Every structure is written in C-alpha cells, then in structure tokens.
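Colleague: Provided below for reference: sequence and predicted model.
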Amino acid sequence: LRKGTAERQTPEMGGPLVHESWVSPIVGVCCMSGGAFVLLQRSRIGRLQVEAPVESTNLLEAADYANLAKLMDHFLQGVKSFVKGWLQRTFLHVALMTLAIFACMGPTQVGWRYSIFFALAFLWGALTSTALGRVNMDFATSASGPTVATSAKGLGQGFTTAIRGGAAVGFIPHVLGLANLYLCFLVLGLVIEDRRQSMQILVAYGLGCSWVALLSRVGGGIFTQAVDIGADLVGKLRDNIADDDPKNPSVIADLVGDNVGCVLGMGSDLLASVLESTCVALVISSNIPMLAGNWVSSMYPLLVSVGGIMASILVSCFATERAQQNNRSDLEDIEVVLKNQVSLSAYLATIIQLAVAIVCMPWNFEIQFLNGDKLQVQNWHCFIAVAMGIWTSRAVAAVAEHYTSQANHPVKDVAEACDTGAAHTVLSGLALGYKSNVFPTVAIALCVYVGYNMCGLLGISLSALGILCTVSIPMSNMGYDAISASAGGLSALAKMDRTTQNRIRDLDALGNTAACVTKAFAHCSAALVSIALYGAFLVRIFEGSKSHGIAVNILDPRTLFGLLLGAVLPYWLSAMTMKGVGAATLATVKEVQNQIRYIEIANKDIPNYCKCVTVATSSSLSAMLAPCIAVLLAPILCGTLLGREALAGLLPGAIVVALQLGLSGSNTGGAWNNAKRYIEAGNLGAKRAKGSKEHSAAVVSDKIGDPMKNAYGPATISAVKFIAMISFVLAPILDRGLVFDQLLYAWANRDS
C-alpha cells in the first residue's frame, strides 16, 4: 500500500454517515457500559456469603461451611503468593525489554525522539496486560467460594453465580484494551502531528501486551501443570495422602493453577490478539488515502470492537438473567445456555457490524497495491470480511464442542476404547485430535481468501477483528470454567455433602467443554492475527523496493531455509516448555515431601500452602525464561543473519505448524479429560466406573493430555503470534541483515 494524500470525505462525497465528533462519545459510552457491566457482576458476587444458611440447624453442615471459609482464606492467600512472584518477574522482563527496544530503535531511521514514544507505548501496553491479569485473578478466585455456597441450594443457583463471575472476568480484556488503545492514540496525537507515524508507534502498544501475554502463557502453563502433576504424584508416592486431602501441601497450589491457566494466561493472550489485530488494521487503513482522510473511517477497526462489545453485553445479560429467572436445575438446560451465548452473539454481532460498516465507511474507496494494481472496495465488502471472521469463529467453536463434549460420540468412543487399555485410549484420542484439525483449518483458509478478495490485506485484518469482536463471550466461558473447577476443589477439600459435590462436578464438566471451545477459538484467532501481521510485515519490508511489489520466492534458498526453520520452531518451543514442566514439577514434589515429613514430626494438621505456591511459582517462572528468549531471538537472528527472504519464510512455517499443534493438543486433551469424567459418572456401568481398569486407562490418557491442552499447545500459538508481531515492528532493522552472505563471500575470497 502506497502513501497518499489524505483527502477529507463527507457524506455528500460518499463518505461515512457518522460525523467525526461522534467517535469519542461512541467509544466512551461503550467502554463505560462494559465497565459498568463488569462492576455489576462483581458486586453481585461480592454480596454472597460463604456461610451456612440462617435457617439451617444442622451442626455438621455449619462445620462444613466453617471449614470452607478457612480453605477459601488459604486459597486467596495462595493466589496472592503467586501474583506477587509473577508481578516481580514480569516487571523485570518488561523493564529490560523497554530499554532494549529504546536502544535498538534509536540508531535507526526511526530516530531517538520517536524511539522514546515507541518505548513508552510498549511500556503502557505491557502494564495494561499486567493490570488485567491482576484484576482478573482477583475476580475469578473470589467467586469460587460463593459458587460452592450457592450450589448447595441448587444446581441453577450455582450456575448463575459461576456464570456471573465468568462474565466479570470475560469482559475486562476487551473493554480495558479498547479504552487504553484509544486513549494511547489520542495522547500520541497531541505530541505527533503525522497520523501515519502515530499509527506506527501505536503498534508498540500491542507489542507490549503481546510480550506479557507470552510470559503469562508460557510461565502460567508451566505452573498449572507443575502443581497439577505434583499433587497427583504425592498420592502415588505417599499412599496415605490423596491429591484432594487438605494435608497435601499442594492442594491449594493446584486450585491456584486452575485460575492461572484459564484466567491469567487466556485473558492476556486474547487481549494481545485484540490489540494486535486492531493495530495492524489501523496501520493498513492509515495507508489508504480515502480512509485516512476521515477520522471515522480511520477508526473503523476500533468501531468494529465497539459493536462486538455491545452485542456481547446484550447476550450476556440475556443469558445470566434468564438463567436466574428460570432457576435451571437440569444439566442439559444449563448446557443450552452456554451454547446459546456463542450462537446469539454471532447473530447479533453480524447485524450490528452491517450497520457499523454502512455508516462508518465510505460508499466506495480504492486500494492501491505496491505493484500498481488497484482494487475498488465498497463498504459492504468490509462487512463481508468482518462477517467471515464472526462465522469462522462460530464454526471452529462448533467443531471443538463436537469433539470434546460428553454428549457426542467422539468422547464416548474414546471412553469405550478404555476397555482395552491405555494404549488404545491414547491412539483414539490422538486420532480424534488430528481429525478435528481439518475443518477449522479449511475455515481459516476460506476466511483469509474471502477477506483478501474483498479488501486486500485490510480484509484479512478485518476478518481477524471479526473473530475477536465477540471475544468477551468465550472468555466469559473460560472464566466460568476456572471458577467451577476451583469450586469443585474447594467443595471436595471442605468435605461438603455428596449432593453439592456432584452438582459442582456437573458444572465443572460443562466448563471443561467450554474451555476447549475457547482454546480452539484462541488458536484460530491467533493464527488469523498472525497471518494479518505477516501480510503487513511483507508490505513494510518490500515497500520502496525495486521489485515493485511483494515477491516471496519459495525456491529461494534463504526462504526455504526460513520455512523449514519456522516449521520446526513450534516443536522446539514445545520441547522446552515440557522440559520446564518437568523441572517445576520436581521442585514442587520435593517441597511437598519436605512439608509432609515436617508435619509428621511436628504433629501438625495444616501444611504451609503458601510456601508450596511460592516454590512452584519461582521454579515455573525460571523455567519459562529459555522458551521466551528463544521466541524473542528467533526472528531477530533470522532476519539479521539471512535477511528478509528468510524471515518471510520463517513466519508462515511457524504459523501453520503452531496452529495444528495447538488445535490438536487442545481437542485431544479435552476429549481425554471428558472421557475420564464420562467413566467416573458411571455411564459405562457401575463395574466400569471409578477404580476400574477402564478408569485407570482414562486417567493415564488424561495426564498425557493435560500438558497438551494447558502447556505447550497454548504456548506455541502465542509464541508464534509474538514472533509475527516483533517481525512487523522491527522490519526496518531486520530486512537488510545479510551477515551470512557476507561471511560466505569473505570465505570464498579468502585467498584474494
């Protein structure tokens, strides 16, 4: 896309129907509405008390609630211990990256003046993502105890509490990201006159969020699996202490881990995806003269998010309020509520996005490519690109639900395979995961094809925004999963009555399926965002080149080298992540064994839960350093040593492979987990329930699947997204490095 003179467009000239002065109030009202909705849900949760009903006269029941309140205090203290360690490490890594970016960008054509703004924008984005993680952890964990208390009254009451807590967690990333991004752009506009330059600097804001998301994904995934496996190993090593016994020092750390993976990691990752797709769309639109000439058109990517947030608020209000009014007591009815949230948000968002495209975009505008070709675009073309993203996400969610829900035959087939042992179960789960990749990959390819033909690279970025415009709904379901999982652990530790535990177990089973759907959604959105970033990266490095267009030759040795290197990079990152899980698990198990010995000697009943959390946090965050450094250095070294041709091959290779690894790992792990729950519920018969050989086979496969869906699967796709983002940001520095060629030339002419 070439630079052009910004020409002001009015409605009479075919410009947007909305006046420029309306943009700020629209964004402000949307953000305030989202914030008010979050505070409303949070206040409703806060009014609930973790105590026995007043009318209860059962002393045993009162003791259970008192025990629950104590465990809830230990749980919240454990969360504080993790957050403290995570914040210390995150602030250190953010400070080092900020200084590095300032030092690297200053000597280039960007200049020292703009490098200051670039570093400050990066810092702002990183702090935004960090604040999000802190707030989300507080919201999710504080809802676990009330969920247990309300589940004792009925399944519907427990579901209402959990889904409201999930809604509070789910809307913060989108609302906070949109508000801070718009505020950052307004501040840059006060100090930088060139809007195109301010758009380029704004990308650093998304890079800051992406860096913290990578740290949260990798470190949080390692922590989640280390404490989960550690708690299980204690039961194997010490037969008298089960993984859900309060005397087990790692039980609280295990509950904290449920929230770290689902809330901290996923929230930061989806926030980064939203901001990255918005930033790249803003940069592309700033290079189209007829869009850059009008404030409304140039802010259209932000207004797409505004429409998605409003649709999500309406759908979430409908779901939570109707669930409370109907007081649903049937598990199938509750599952319908979760499904309807996703479907209704897609329908409503499609209608709203049609209106946004008509009133905010010019009737006709022209896109000129680097090779001189021109594409005539109408405003409804933009709507088609956004709608393709919306319905691609819906299709991916439907596929993930089909392959991971207990109600469907794939999970039932995996459960039946447990009859012949763990080997058959593992093979069935792997086959299920590989098969589940086919339709989502085809859907993403179709989405990219249609988006590009509608609006060029702008269409791909708009399709990514379409997937993410209703991101609050799947994130709410992810929050619901974390809350119900923590509530299930607390109810088991507090020895609540069997009816209450069964109700929460049913809610947790639905949450597991919802989490698999959200993970598939996150993988596909990250892949589409990475493709949009890759296209913008190619435009940036080939702009002004003699080729008069984008020319990536797959037969070029440098490009082929980069392609193969990119394809193996996700496997390397997965290996380092899994190795980190092993190291952190070993440190956790050693701490647990030391505490058990001390408890036996000192004759104590309550272990030091916080110390176990601190040890697991420290070891996990130390183990994340190697994968994160590899992700950071891979594009820099590739571009510096081999030039832009190699980097142009590395990115697509990494994107394609990471998508397959992430999707198959998430669906396989989810299917194995639900197959185990299916057996435990007695669906194969009483003789083949918990404690049988079928259950043992399901447990083995579930332990294999946990790292796949919680550790390396999410980490690899998040890492590739960061690689695409940093390649786009540092393109002016990386595209001229041909150190390897210079070394070869010097070696060939060494005699002369």
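Modeller: Sure, I can see it.

Colleague: quick check: mean pLDDT of the strand or helix carrying residue 502?
Modeller: In this assignment (DSSP states H and E), residue 502 forms part of helix 498-542. Averaging pLDDT along helix 498-542 gives 84.

Colleague: then stretch 439-456?
Modeller: For stretch 439-456, the per-residue pLDDT averages 92.

Colleague: one step back: following element in sequence after the helix holding residue 502, please.
Modeller: Heading C-terminal from helix 498-542, the first helix or strand you meet, by DSSP H and E, is helix 557-602.

Colleague: packing partners for that following helix?
Modeller: Helix 557-602 is packed against helix 195-237, helix 609-623, helix 625-642, helix 644-680, helix 713-729, with contacts defined by 3 or more CB pairs under 8 Å, 6 or more residues apart in numbering; DSSP states H and E. C-beta: built from backbone N, CA, C; applies to glycine.

Colleague: any idea which element residue 446 lies in?
Modeller: Per DSSP H and E, residue 446 falls inside helix 438-455.

Colleague: tell me which residues are up against that helix.
Modeller: Helix 438-455 is contacted from outside by 367, 375, 377, 381-382, 384-385, 388-389, 392, 395-396, 399-400, 459-460, 462-463, 520, 524, 527-528, 531, 659-660, 663, using CB atoms under 8 Å, 6 or more residues apart in numbering.

Colleague: could you export it as PDB, CA atoms only?
Modeller: What follows is helix 438-455, C-alpha atoms only, in PDB (Å, rounded to 0.1, in the frame of the first residue of the first chain):
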ATOM      1  CA  VAL A 438      -9.300 -30.400   9.300                       C
ATOM      2  CA  PHE A 439     -12.400 -28.300   9.300                       C
ATOM      3  CA  PRO A 440     -11.000 -25.300  11.300                       C
ATOM      4  CA  THR A 441      -8.000 -25.100   9.000                       C
ATOM      5  CA  VAL A 442     -10.200 -25.100   5.900                       C
ATOM      6  CA  ALA A 443     -12.500 -22.500   7.500                       C
ATOM      7  CA  ILE A 444      -9.500 -20.200   8.300                       C
ATOM      8  CA  ALA A 445      -8.100 -20.600   4.800                       C
ATOM      9  CA  LEU A 446     -11.600 -19.700   3.300                       C
ATOM     10  CA  CYS A 447     -11.800 -16.700   5.600                       C
ATOM     11  CA  VAL A 448      -8.400 -15.500   4.500                       C
ATOM     12  CA  TYR A 449      -9.300 -16.000   0.800                       C
ATOM     13  CA  VAL A 450     -12.600 -14.100   1.000                       C
ATOM     14  CA  GLY A 451     -11.200 -11.300   3.200                       C
ATOM     15  CA  TYR A 452      -8.300 -10.700   0.800                       C
ATOM     16  CA  ASN A 453     -10.500 -10.700  -2.200                       C
ATOM     17  CA  MET A 454     -12.900  -8.200  -0.600                       C
ATOM     18  CA  CYS A 455     -10.400  -5.600   0.800                       C
END
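
Colleague: which of the residues in it are buried?
Modeller: Buried residues in helix 438-455, counting neighbours by 16 or more other CB atoms under 10 Å, are found at 440, 441, 443, 444, 447, 448, 450, 451, 452, 454, 455.

Colleague: tilt between that helix and helix 498-542?
Modeller: Helix 438-455 and helix 498-542 meet at an angle of 40 degrees, taking axes from the mean of the first three to the mean of the last three CA atoms, to 10 degrees as the criterion.

Colleague: what about helix 438-455, distance to the chain center?
Modeller: Distance of helix 438-455 from its chain centroid, counting by CA atoms, centre = their mean, to the nearest Å, is 21 Å.

Colleague: mind giving me the packing neighbours of the helix or strand just after it?
Modeller: Using DSSP H and E, the helix or strand that directly follows helix 438-455 along the chain is helix 457-468. Counting contacts by 3+ CB pairs under 8 Å, 6+ apart, helix 457-468 is packed against helix 266-286, helix 300-326, helix 379-404, helix 438-455, helix 498-542.

Colleague: mind giving me the packing neighbours of the helix or strand just after the first one?
Modeller: The reference is to helix 266-286. Along the chain past helix 266-286, the next helix or strand (assigned with DSSP H and E) turns out to be helix 289-292. Packing contacts for helix 289-292, counted by 3+ CB pairs under 8 Å, 6+ apart, involve helix 266-286, helix 295-298, strand 364-368.
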